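**Student:** any chance you could fold what I've pasted below:
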Amino acid sequence: MKIRKGDEVIVLAGKDKGATGKVLRVYPSRERVVVEGVNLITKNIKADQQRAGRDSGRVTMEAPLHVSNVAIVEDGKPVRVGYRINEDGTKVRISRRSGKEI
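**Tutor:** All right, here's what the predicted structure looks like:
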């Protein structure tokens, strides 16, 4: 998967199209990412012993998005990601638009 935790991404499709945010979590096996402040849902939480000190109620949190619906941002525009192998043998991600290392 070409998107990693900490990348700045833009949403390409869905109710939050055009929104940008930082990737908080990545689920490679499910091909999904969680983006900060995007795809917010309201969850009803029940108080129990495992959540000691927490009250029951409604919690707003981010839900995962499919990785195909986000793209890395460069200068406010979405870019595609490629790979290049440096002279020392390390593999790095590059922007297809500018050729710069991400």
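**Student:** so where's this protein uncertain?
**Tutor:** By pLDDT under 70, the weakly predicted segments of the chain are 53.
**Student:** residues touching the closest residue to Lys43 other than its chain neighbours, list them.
**Tutor:** Nearest residue to Lys43, sequence neighbours excluded (CB to CB, 6 or more residues apart in numbering): Val59, at 5.1 Å. The C-beta positions use only the backbone N, C-alpha and C, and glycine is treated the same way. Val59 makes contact with Thr42, Lys43, Asn44, Ile45 under the criterion CB atoms under 8 Å, 6 or more residues apart in numbering.
**Student:** phi, psi for Val59 please.
**Tutor:** phi -130, psi 130 (degrees, to the nearest 10).
**Student:** against Pro28, how distant is Gly37?
**Tutor:** 22 Å (CB to CB, to the nearest Å).
**Student:** who touches the strand ranked longest in the chain?
**Tutor:** Counting residues, the longest strand found in the chain (DSSP state E) is strand 20-27. Contacts to strand 20-27, defined as CB under 8 Å, 6+ apart, come from residues 1, 3-11, 32-38, 62, 64, 70, 73.
**Student:** and that strand, which residues are buried?
**Tutor:** Residues of strand 20-27 classed as buried: Thr20, Gly21, Val23, Val26 (neighbour count, 16 or more other CB atoms under 10 Å).
**Student:** for those residues, give me JSON lines that also has distance to Asp55.
**Tutor:** Listed next are those as JSON lines, based on distance: CB to CB, whole Å:
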{"residue": "Thr20", "distance to Asp55": "32"}
{"residue": "Gly21", "distance to Asp55": "28"}
{"residue": "Val23", "distance to Asp55": "30"}
{"residue": "Val26", "distance to Asp55": "30"}
